[in-house]
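Visitor: Here's my sequence, what's the structure:
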Amino acid sequence: MVDNPLKVPIFSAALGAASGFYSFNFVSSYLNINVYVPALFFAAGVLVCAVNGMVFLKEFIFSFRDRDRRLEEFRIIFFFLLTGIMLGTAAYTTQMKKPSAGIPFEKVTGLSGYFVDDPHLLAGGSGAFTFSMISSRGKGGVEASAAGLIQVFFPEALYDSIKSRGRGTKIFIDGSFLIPQEGKTQYNTPRFRARSIHVYEDSSWLQSARTRTRWTIINTFEGSHWGGLALALLLGVRDYLDTGMAEHYKAAGCSHVLALSGMHLGIISALAAFILKKPLGLVKASVLGAFLIIGYVFLVGAQASLMRAAIMSTLGTFVMVKGWKRNMISLLSAAFIIQTLIFPSSAMTVSCILSYLALAGILILGPVCLEFLKGWLPEMLANPLAASLAAFLATIPVTAVFFGMIRPIGIAAGLVIVPVSTLFMILSIAWFGLQALPFIHVIAGKLIGKVLDFLYTVLDLMVLEAGKIPGLSLTNHALLVIICIVMYIILFLAYKILRNIRTRFVPFA
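Guide: Reported below is the predicted structural model:
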């Protein structure tokens, strides 16, 4: 039977944090996010209070012996909910300060600062990177101090001169801010179009070592037909991925496969555990695996969905070492609170919201969906289908609000595409590892390369065919949120009725 998340105090704290963090007017004005998204989180927090209140009243009235215990449970849940709201509000206040160039944006002609992430190419012949401002230069030679993060776009011709420069490299850029036309929507993050880029100070030795390692991996895979997909799955680098294939993944409802997340981190940690468990033992292998995960996140970059997986993995390792009982709902909730407090800017991203909602859906709605599939499908197929369906149902409101469309084909397509992509990723790691063995890689490396080439062709064909099935366009967001809430309630009620019916027919011993 599915565990009741309402009885997990830290889950209520996470909902409270989400309510406090997302449910302010700045979400719809400053970030230009549809108001129905924060309203959904706020409604979830209110719903927790309401449901817990009704459960408490019912049990308080009809359970004379347990009144004190029930009252204490409700007090704890309510305390955690209020604490979460305060923590979410505190995290929100750290994001209230907008980026400032010291002079009006329209008068800026140049900026100095440093790379926050690695420069990358975009479709359409341009590149982009996130930039932290230090100072600005305006018309007439005016100079001023600046602060905050902005998005910088540059011509593709400049890419070769900066692509090997990693995070922390200090640069000066000439150009101008992109000012929205009157009546147009303001950009979520200020945007700057660079005409030229000049490096004036290299990054630290640690960041330089990271950049060299990253480019060693890129150069190793770059020459292969399938190398672009390997780099997308291993490093999150899509510069070398065929544009058509990326669009096909999106159309097939499987774009999450290309976004580094728990699936990718799980493969890395599983391989590390497989190699280290026997010589070191479970505990030492898990601790070393946690450090490897931190190193991996440092290498590929702190992407929002990957950070969620890394925090959960680290917390899970700590819980295991302490010998405590591991509860995935608690780990997910704690990870959200930690990420929101320490990395509030990442918690604002769509990928972060979808990552948490998808896993929450798998943990909460997954067992519910599985109950309906039992008896209709074999267990080997029912389990992944239930997880895929649960993740889809949990993310419908946010997906529809941000992208205007949902793609149900992803539920079925993911059952095949995800395992094949996982196999492709594992073999890519094996192929890369063999490159260090000069004699073995000549034969084994070529053999694995042939298999990878075949899997690449298969994946390309599968996402192409799945993407031909049209999605559903949803524009009435208010009605959609209401429908989703009603659907979740009906789903849980039906689940409870079905469980009660099945438990009446206990098989004879």
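Visitor: Just give the number of residues close to the spatially closest residue to residue 458 that is not a sequence neighbour.
Guide: In space, and not counting its chain neighbours, residue 458 is closest to residue 420: 6.4 Å by C-beta to C-beta, 6 or more residues apart in numbering. For the C-beta atoms, the positions are set from N, CA and C on the backbone; glycine is no exception. Burial measure for residue 420: 15 neighbouring residues, criterion other C-beta atoms under 10 Å.
Visitor: mind listing what's buried in the one helix or strand residue 420 maps to?
Guide: Using DSSP states H and E, residue 420 sits in helix 409-434. For helix 409-434, the neighbour count (16 or more other C-beta atoms under 10 Å) marks 409-414, 416-418, 421-422, 424-425, 427-428, 431-432, 434 as buried.
Visitor: same question for it, mean pLDDT?
Guide: Regarding helix 409-434, the rounded mean pLDDT is 90.
Visitor: what helix or strand is residue 150 on?
Guide: Using DSSP H and E, residue 150 falls in strand 149-155.
Visitor: quick one: contacts of the next helix or strand after that strand?
Guide: Sequence-wise, the next helix or strand downstream of strand 149-155 (DSSP H and E) is helix 159-162. Applying C-beta atoms under 8 Å, 6 or more residues apart in numbering, the contact partners of helix 159-162 are 119, 121, 127, 154, 169, 171, 197, 199.
Visitor: State the distance from residue 357 to residue 307.
Guide: Counting by C-beta to C-beta, to the nearest Å, the separation of residue 357 from residue 307 is 15 Å.
Visitor: Who has more neighbours out of the two?
Guide: residue 307 (24 against 21).
Visitor: quick revisit: the residue nearest to residue 458 touches residue 460, doesn't it?
Guide: No. Here residue 420 does not reach residue 460: they are 10.8 Å apart, not a contact under C-beta atoms under 8 Å.
Visitor: buried subset of the contacts of helix 159-162?
Guide: Buried, going by 16+ other C-beta under 10 Å: 119, 121, 127, 154, 169, 171, 197, out of the contacts of helix 159-162.
Visitor: In strands only, show me the residues you listed.
Guide: Of the buried ones among the contacts of helix 159-162, the ones assigned to strands by DSSP state E are 121, 127, 154, 171, 197.
Visitor: and the two most separated of the residues you listed?
Guide: Spatial extent of these (C-beta to C-beta) is set by the pair 121 and 171 at 17.4 Å.
Visitor: Provide the secondary structure category for the closest residue to residue 409 other than its chain neighbours.
Guide: Computed as C-beta to C-beta, 6+ apart, the closest residue to residue 409 that is not its neighbour in sequence is residue 469, at 4.4 Å. Assigned with DSSP: H, G, I helix; E, B strand; the rest coil, residue 469 falls in the coil class.
Visitor: what's the burial count for residue 469?
Guide: Residues contacting residue 469 under the criterion other C-beta under 10 Å number 15.
Visitor: Sketch out the strands for the stretch 301-450 of the chain, chain order is fine.
Guide: Using DSSP state E, counting those that start in this stretch, the strands of the stretch 301-450 of the chain run over residues 405-406.
Visitor: Quick one: low-confidence residue ranges for the stretch 151-300 of the chain.
Guide: 181-188 (pLDDT under 70).
Visitor: Please enumerate the helices of it.
Guide: 159-162, 205-222, 227-234, 243-251, 262-280, 282-300 (DSSP state H, counting those that start in this stretch).
Visitor: I'd like these as JSON lines, with distance to residue 395 and mean neighbour count appended.
Guide: What follows is the helices of the stretch 151-300 of the chain, written out as JSON lines (distance: least, C-beta to C-beta, whole Å; neighbours: other C-beta atoms under 10 Å):
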{"stretch": "helix 159-162", "distance to residue 395": "34", "mean neighbour count": "14"}
{"stretch": "helix 205-222", "distance to residue 395": "31", "mean neighbour count": "15"}
{"stretch": "helix 227-234", "distance to residue 395": "21", "mean neighbour count": "24"}
{"stretch": "helix 243-251", "distance to residue 395": "14", "mean neighbour count": "18"}
{"stretch": "helix 262-280", "distance to residue 395": "14", "mean neighbour count": "16"}
{"stretch": "helix 282-300", "distance to residue 395": "23", "mean neighbour count": "17"}
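Visitor: Who are the contact partners of the spatially most central residue of the chain?
Guide: Centroid-nearest residue in the chain: residue 305, 2.1 Å away (criterion: C-alpha atoms, centre = their mean). Residue 305 makes contacts with 259, 260, 261, 262, 351, 352, 354, 355, as judged by C-beta under 8 Å, 6+ apart.
Visitor: Which of those sits closest to residue 233?
Guide: Each of the contacts of residue 305 was checked against residue 233 using C-beta to C-beta; the closest is residue 260, at 8.1 Å.
Visitor: is it true that the closest one touches residue 304?
Guide: No. Taking contacts as C-beta under 8 Å, residue 260 lies outside contact range of residue 304: 9.7 Å.
Visitor: so how far is the helix or strand hosting residue 89 off the chain centroid?
Guide: Using DSSP H and E, residue 89 sits in helix 67-93. Its chain's C-alpha centre and that of helix 67-93 lie 26 Å apart, by C-alpha atoms, centre = their mean, to the nearest Å.
Visitor: for stretch 224-242, how far is the first residue from the last?
Guide: 12 Å (C-alpha to C-alpha, to the nearest Å).
Visitor: a markdown table for the contacts of helix 159-162, including distance to residue 93?
Guide: Converted to a markdown table, the contacts of helix 159-162 look like this (distance: C-beta to C-beta, whole Å):
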| residue | distance to residue 93 |
| --- | --- |
| 119 | 31 |
| 121 | 36 |
| 127 | 33 |
| 154 | 33 |
| 169 | 31 |
| 171 | 31 |
| 197 | 34 |
| 199 | 35 |
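Visitor: Which two of those residues have the greatest separation?
Guide: The span of the contacts of helix 159-162, defined through C-beta to C-beta, is set by 121 and 199 at 18.5 Å.
Visitor: What score does the residue nearest to the centre of the chain have for pLDDT?
Guide: Residue 305 carries a pLDDT value of 84.
Visitor: For residue 265, give me its contacts.
Guide: Residues in contact with residue 265 (C-beta under 8 Å, 6+ apart) are 293, 296, 306, 309, 310, 313.
Visitor: mind redoing it with 6 Å?
Guide: Taking C-beta atoms under 6 Å, 6 or more residues apart in numbering as the criterion, residue 265 is in contact with residue 309.
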